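J.: from the sequence below, what's the structure:
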Amino acid sequence: MRRRYLRSVSRASSILGYVALSLAAAACGRAETEASGPADKGSTPSGDPTDSLRCAGCHPDAYQAWSLSMHAYAGDDAIFLAMNARGQRETRGQLGQFCVRCHAPLAVARGATVDGTNLEQLPAALRGVTCVVCHTATRDENASLVLAEDGVMRGPLADAIANPVHDSAYSPSLDRGQPESAAMCGTCHAVTNGHGLQVERTLDEWRATTYSEPASLRTCGRCHMPESTGVAAAVVGAPPRRVHGHAMPGVDLGSALPAQTRLVQETLDPAISSKLCVIPDVGGAAVRVTLANDRMGHSWPSGATQDRRAWLELVAYAGNVVVYASGVAADDEAVATSANPPLVLLREQLADENGNPTLFMWDARTAQSQLLETAAADPAQSTVTAAVRVSGLVDRVTSRVRVRPIDHDVADALVASGDLSPDATSPLTTLTVGATVLEWTSDRGPACLP
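T.: The predicted model follows:
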């Protein structure tokens with residue numbers, strides 16, 4: 001989406017520029033003090049307490065990684081802004097804080113917005129899921145996200161170094177080695193709409209797996225925040241520690257930055273596995289493809305699955321001539337209405353109160369799930385197989401799984417309602433799952449790949 005990308009690149013450029021300036025300081029505590037005087041003990045980072053840019057001086061690595069995350073752009077995304085605007089209008093304001101409380105929690109907590117329709121007018125510090133959001137986050141008795149107002153920055157360290165900028169405290173909710181950390185992620189990744197329908201359930205998918213069991217615990221952070229050795233803060237005397245990536249890649253893209261796309265692609269490539277079997281005979285070839293979610297800690301795809309589309313592309317050739325094709329969708333074509341429909345389409349189809357298909361979660365009363373369940377929860381539901389017979393000469397067959405975080409039918413509906421600019425719908429990114437890219441050639445004879 002052109003408008004989203006332009007805005008995101010501008011914001012990211014300012015972020016990276018600030019990081020470079022911050023790194024020039026000898027020590028973050030001294031840099032803050034010399035620049036603005038001693039910080040009040042117990043406050044959030046000096047200067048504007050809501051601005052994540054203030055964190056970069058002491059935490060440049062974490063900040064630079066966060067700047068490549070979808071969290072950083074959650075309140076800027078053009079599709080989100082358009083969808084929220086339409087939802088507020090169609091529900092006559094009843095949607096309220098439902099979306100914005102997770103896309104811009106600080107703006108809600110500070111009373112800067114009541115429904116998210118004014119996010120574009122708010123300072124960047126109040127948009128998105130910022131440092132202050134996660135590191136002051138707690139959960140109330142309803143498992144809802146609450147931002148503490150005590151000036152303490154929480155994290156996974158029980159022995160954080162005292163500093164003049166803010167107080168620190170250990171929180172199991174920010175320790176990826178503790179199950180509470182998954183529950184914290186679930187405050188925004190397990191979502192039920194106003195009609196009682198669960199429209200995002202990544203946390204519950206994980207809870208049903210062996211990854212959630214104490215003996216084999218692998219929380220969200222174990223996969224989405226990879227561990228390395230480094231320093232938690234760029235200060236003199238900071239000891240080496242286990243530190244964690246803050247880019248938190250999944251499948252969504254919030255900017256046109258190549259570094260963000262690379263991180264998402266690296267996460268996506270091993271997500272699921274595929275097997276391509278081709279048995280040629282005198283009349284053609286029998287082709288079978290099996291997809292398996294045997295590596296993930298949740299269903300695939302996951303998250304806002306009503307917007308996502310993942311599908312199998314299968315093509316057979318005789319020489320350079322295509323003799324069979326399914327799932328070959330043009331970059332500007334919605335997969336669900338493609339003239340070349342896929343044999344396998346993974347998504348969740350929502351339905352309204354009359355049982356009619358709907359694209360938008362505020363209308364949804366029921367849902368039909370066509371996802372790959374994880375083998376860690378239900379091996380029987382973790383695979384899908386498609387088979388086809390191709391007639392005539394076949395000397396090459398290719399298969400791969402394509403993914404769109406959001407497809408054109410969703411964007412086109414928002415354009416049609418006047419909530420999204422037409423030039424903001426191109427390009428809607430199409431990604432490929434690397435581990436599913438397979439090619440059979442006739443010199444192999446009857447074979448299954450890999």
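J.: who's residue 312 bridged to?
T.: Beta-bridge pairing for residue 312 (DSSP bridges): residue 401.
J.: I'd say it and residue 341 touch.
T.: No. If you go by CB atoms under 8 Å, residue 312 and residue 341 don't touch, sitting 10.5 Å apart. In this view, the C-beta of every residue, glycine as well, is placed from N, C-alpha and C.
J.: so what's residue 399 up against?
T.: By CB atoms under 8 Å, 6 or more residues apart in numbering, the contact set of residue 399 is 274, 276, 289, 312-315, 436-439.
J.: which among those count as buried?
T.: Buried members of those, scored by 16 or more other CB atoms under 10 Å, are 274, 276, 289, 312-315, 436, 438.
J.: coming back round to it: shared neighbours of residue 312 and residue 341, anything?
T.: Common contact partners of residue 312 and residue 341 (CB under 8 Å, 6+ apart): 326-327.
J.: elements contacting the helix or strand containing residue 182?
T.: Taking DSSP states H and E as the definition, residue 182 sits inside helix 179-189. Applying 3 or more CB pairs under 8 Å, 6 or more residues apart in numbering; DSSP states H and E, one finds that helix 179-189 contacts strand 137-139, helix 202-207, helix 220-224.
J.: please pull up the helix or strand immediately following it.
T.: strand 190-192.
J.: below-threshold pLDDT in the stretch 51-200 of the chain: ranges please.
T.: Residue ranges of the stretch 51-200 of the chain with pLDDT under 70: 141-143.
J.: how about the helices in it?
T.: Residue ranges of the helices in the stretch 51-200 of the chain, as given by DSSP state H, counting those that start in this stretch, are 60-66, 70-73, 78-90, 100-103, 105-109, 131-135, 179-189.
J.: so which residues make contact with stretch 114-123?
T.: Residues outside stretch 114-123 that contact it (CB under 8 Å, 6+ apart) are 50-51, 75-76, 81, 84-85, 88, 93, 95-97, 99-100, 103-104, 107-108, 112-113, 127.
J.: mind giving me the PyMOL select for these, buried ones only?
T.: To isolate the buried subset of the contacts of stretch 114-123 in PyMOL, counting by 16+ other CB under 10 Å, use the following:
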select buried, resi 50+51+75+76+81+84+85+88+95+96+99+100+103+104+107+108+112+113+127
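J.: out of the helices and strands packed on helix 179-189, which one sits most buried?
T.: helix 202-207 (a mean of 22; mean count of other CB atoms under 10 Å).
J.: packing partners for the helix or strand encompassing residue 276?
T.: Secondary structure from DSSP H and E places residue 276 in strand 273-281. Contact here means 3+ CB pairs under 8 Å, 6+ apart; on that basis strand 273-281 packs against strand 284-292, strand 396-404, strand 438-441, strand 447-449.
J.: any chance of JSON lines for the ones you listed, columns distance to residue 421 and mean pLDDT?
T.: Formatted as JSON lines, those follow (distance: least, CB to CB, whole Å; pLDDT from 0 to 100):
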{"stretch": "strand 284-292", "distance to residue 421": "36", "mean pLDDT": "98"}
{"stretch": "strand 396-404", "distance to residue 421": "19", "mean pLDDT": "98"}
{"stretch": "strand 438-441", "distance to residue 421": "39", "mean pLDDT": "98"}
{"stretch": "strand 447-449", "distance to residue 421": "43", "mean pLDDT": "98"}
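J.: is it possible to export those to CSV including distance to residue 171?
T.: Below are the helices and strands packed on strand 273-281 laid out as CSV (distance: least, CB to CB, whole Å):
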stretch, distance to residue 171
strand 284-292, 36
strand 396-404, 33
strand 438-441, 44
strand 447-449, 46
